[in-house]
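Participant: predicted model and sequence follow; I will ask about them next.
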Amino acid sequence: MISPQLALFRKGWPPIPCRLTWRLAGALLLALLGLFLVGARLAIFLTSLPVSVNAAPLVIPTLREWHGGLGTFILSANARIVLDPPSATRLRSTALTFQQDLQAVAGLRLPIVTQEAPSSGDLWLTLKNDDQVIGDEGYVLAIADNVMISAHTETGIFYGTRTVLQMLMQDPAKSHLARGMARDYPRYAVRGFMLDVGRRYFTPGVLEDYVRLLSWFKMNEFQLHLNDNAPGAGERPDWRRQYAAFRLQSARFRSLAARDGAYSRADIASLEALAQTHAVTIIPEIDTPAHDLALTQYRPDLASPHASKEFLNLANPATLRFVEDLWNEFLPWFASSQVHIGADEYALNDADRYRTFINRLAAFLSSKGKTVRMWGSLSLMKSRIPLAHSIVLDIWNNRWANPVQMAREGFQLINMNDNLLYIVPRAGYYHDYLDTQTLYTRWQPFIFDLTNPHLNLAPNDPHLLGAMFALWNDKLNVVSDAQIEDRIAPAVRVLSQKLWSGVTPLSYGQFMQLALQLSAVPGTHLPEPPLPFEFTPHQQSDGPRSLNWPEPLALVTLWRRRL
């Protein structure tokens with residue numbers, strides 16, 4: 001028998017003493033045992049570490065609540081949009097919109113099916129939800145082996161789809177969603193934008209793009225200021241030839257409609273249909289008894305005999321009848337339960353007739369099932385005649401209507417403060433672009449004045465319904481559609497953040513970068529913004545600026561589109 005040492009020697013190894021061989025074997029066993037013990041301790045340590053869950057997705061507006069899961073859901077071409085059978089009829093139009101937008105964002109056209117339960121990989125929409133905190137506009141989003149959006153209403157489901165689409169848009173593959181659960185709902189009921197179409201006509205297609213833009217960021221109201229005139233035109237001797245426009249066209253008031261553009265009933269019906277599928281309410285505004293040169297040019301007998309001809313004569317009984325006839329004609333065009341009667345900047349020395357007119361018009365519209373809104377004016381329009389507290393006040397100027405005083409009197413309020421939330425392109429006396437950085441970092445919807453806290457409401461004042469920003473076209477057609485969109489889009493993003501979630505977890509710069517990633521709103525044909533260098537001197541309400549620099553985000557968006 002050959003010894004181990006000899007066998008090794010014959011294979012070219014030098015001879016090893018037997019005692020040394022056993023020592024090496026023992027050392028090897030001890031080393032293996034040590035490694036085993038170290039590995040066991042390492043395994044115990046690793047299992048004791050906290051599990052890293054998914055961080056909250058970055059969307060605009062920020063999610064109210066997020067509970068992170070582990071891993072990623074991957075959307076594939078085999079996925080389906082599954083409707084819970086009891087919800088299927090109500091959710092069909094929302095599902096169709098989701099289907100179209102998914103194709104635009106992810107390049108997938110998924111089938112819509114009705115089924116008791118989803119399969120792995122599906123997107124499930126259901127109105128089975130017992131969570132009372134989320135209200136009528138909130139939703140619960142659960143991302144695991146499938147994606148479930150549940151809510152009490154179609155609006156909640158729609159907003160949940162916006163979140164999913166924004167998450168996909170940021171993924172390079174347009175298919176990955178972080179697993180977890182979101183519980184999301186708005187802080188304020190009114191989150192909106194008012195557009196002055198009275199002084200400047202916008203095509204129906206542009207209005208439809210604005211509906212999609214608003215809904216993409218969970219803004220829910222789009223107010224159309226349907227009649228107005230050039231500032232001061234009613235005080236001129238040739239007032240009948242000055243620019244004024246009424247933007248609704250009907251056979252009953254055929255010659256009232258503006259010749260440079262007006263909306264037919266079919267135009268409004270198309271806009272309303274889109275708005276309803278995108279959770280946006282169209283608020284019509286026919287502004288009376290001021291800003292009415294279009295009406296007095298049509299009916300000169302109703303013009304004020306002693307003041308500007310853009311003022312209706314409230315001493316004439318025919319005035320109220322005419323305004324009621326207008327509303328009778330056009331109310332059926334709009335689905336909203338709320339309408340806006342204007343009522344701003346009328347003659348201060350006619351406050352009694354002014355308040356009487358508003359009360360009678362509000363009673364008439366109330367009989368039609370409508371709630372009335374008006375521009376807050378009661379602090380200056382002083383009178384012993386009380387105004388109906390059912391009227392909602394847009395607080396557009398703290399002098400015309402002191403917000404604290406109006407809340408004490410029992411009115412519901414919407415913050416539309418002119419110094420903070422008005423855009424008037426190229427005017428020089430209001431913002432050309434909103435100061436979105438200040439709004440993002442310092443403003444909240446209950447703030448009506450950044451320097452005088454006595455004009456601000458308490459953070460949770462029940463009289464405050466929300467806020468809207470406005471774009472007025474005092475200078476008529478001084479900017480293009482593209483330049484107007486460049487002013488509107490940054491304001492929509494920032495106000496949506498402050499009105500929905502209220503918090504600012506990102507810096508302003510980080511927020512702008514996120515907004516850039518989410519700027520391609522599905523289904524829109526919004527024009528590209530103008531070149532960034534417009535050497536037009538102007539003065540804003542917050543101080544002089546020598547050059548008309550657009551929003552920084554607009555510049556970044558522009559450069560990205562040009563590349």
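Facilitator: Yep, it's here.
Participant: roughly how far apart are the nearest residue to Gln242 once chain neighbours are set aside and Asp474?
Facilitator: What sits nearest to Gln242 in space, not counting adjacent residues and going by C-beta to C-beta, 6 or more residues apart in numbering, is Ala233, at 3.4 Å. In short, each C-beta sits where N, CA and C put it, glycine included. Distance, Ala233 to Asp474, by C-beta to C-beta, to the nearest Å: 11 Å.
Participant: over to Thr356?
Facilitator: When Thr356 is compared with Asp474 (using C-beta to C-beta), they lie 29 Å apart.
Participant: tally of neighbours for the closest residue to Leu314 other than its chain neighbours?
Facilitator: Counting by C-beta to C-beta, 6+ apart, the nearest residue to Leu314 once its immediate chain neighbours are dropped is Arg353, at 4.0 Å. By the criterion of other C-beta atoms under 10 Å, Arg353 has 18 neighbours.
Participant: repeat for Thr438
Facilitator: The number of residues near Thr438, taken as other C-beta under 10 Å, comes to 14.
Participant: would you say Gly466 is within a helix?
Facilitator: No - counting by DSSP: H, G, I helix; E, B strand; the rest coil, Gly466 is not part of a helix but strand.
Participant: wait, doesn't it sit right on Phe193?
Facilitator: No - counting by C-beta atoms under 8 Å, no contact exists between Gly466 and Phe193, whose distance comes to 11.7 Å.
Participant: where does the prediction get shaky in the chain?
Facilitator: Low-confidence segments of the chain, defined by pLDDT under 70: 1-51, 527-563.
Participant: phi, psi of the residue most central in space within it?
Facilitator: Ranked by distance to the mean C-alpha position of the chain (C-alpha atoms, centre = their mean), the top residue is Met219 at 2.6 Å. Dihedral angles of Met219 (phi, psi; degrees, to the nearest 10) stand at phi -90, psi 140.
Participant: what about the strands in the stretch 251-400 of the chain?
Facilitator: Taking DSSP state E, counting those that start in this stretch as the criterion, the stretch 251-400 of the chain contains strands spanning 281-288, 338-342, 371-375, 392-395.
Participant: what's in contact with the last one?
Facilitator: Residues outside strand 392-395 that contact it (C-beta atoms under 8 Å, 6 or more residues apart in numbering): 338, 340, 371-376, 378, 401, 403, 406, 411-417, 448, 465, 468.
Participant: what's downstream of that strand, the next helix or strand?
Facilitator: Scanning forward in sequence from strand 392-395, with DSSP states H and E defining helices and strands, the next element found is helix 403-408.
Participant: off-centre distance for that next one?
Facilitator: Its chain's C-alpha centre lies 26 Å from the corresponding centre of helix 403-408 when counted by C-alpha atoms, centre = their mean, to the nearest Å.
Participant: give the buried residues for it.
Facilitator: Buried residues in helix 403-408, defined by neighbour count with 16 or more other C-beta atoms under 10 Å: 403-404, 406-407.
Participant: residues contacting that helix, please?
Facilitator: By C-beta under 8 Å, 6+ apart, the surrounding residues in contact with helix 403-408 are 376, 378-379, 393, 395, 413, 415, 448, 454-457, 461, 463-464.
Participant: 7 Å instead?
Facilitator: Residues external to helix 403-408 that are found in contact with it (C-beta atoms under 7 Å, 6 or more residues apart in numbering): 376, 378-379, 393, 395, 413, 448, 454-455, 457, 461, 463.
Participant: partner strands of the helix or strand that comes right after it, with direction?
Facilitator: Read in the C-terminal direction, the helix or strand following helix 403-408 is strand 413-415, with elements assigned using DSSP H and E. Looking at strand 413-415 with DSSP bridges, its partner strands are strand 392-395 (parallel), strand 464-471 (parallel).
Participant: any chance of those strands in CSV, plus distance to Thr153?
Facilitator: What follows is the strands paired with strand 413-415, written out as CSV (distance: least, C-beta to C-beta, whole Å):
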stretch, distance to Thr153
strand 392-395, 22
strand 464-471, 18
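Participant: just name the most buried of those.
Facilitator: Highest mean neighbour count among those (mean count of other C-beta atoms under 10 Å): strand 392-395, with a mean of 25.
Participant: stretch 239-259 spans what distance, first to last residue?
Facilitator: The separation between the terminal residues of stretch 239-259, taken as C-alpha to C-alpha, to the nearest Å, is 17 Å.
Participant: buried residues in that stretch, which are they?
Facilitator: Neighbour-count burial for stretch 239-259, counted by 16+ other C-beta under 10 Å, picks out 239, 242, 244-250, 253, 256-258.
Participant: could you do stretch 443-459 as well?
Facilitator: Neighbour-count burial for stretch 443-459 flags 443, 445-448, 450, 455-457 (criterion: 16+ other C-beta under 10 Å).
Participant: over to stretch 358-370?
Facilitator: For stretch 358-370, the buried set under the neighbour-count rule, 16+ other C-beta under 10 Å, comprises 358-359, 361-362, 364-365, 370.
Participant: which one of those sits closest to Asp486?
Facilitator: Nearest to Asp486 among the buried residues of stretch 358-370 is Lys370, at 34.5 Å by C-beta to C-beta.
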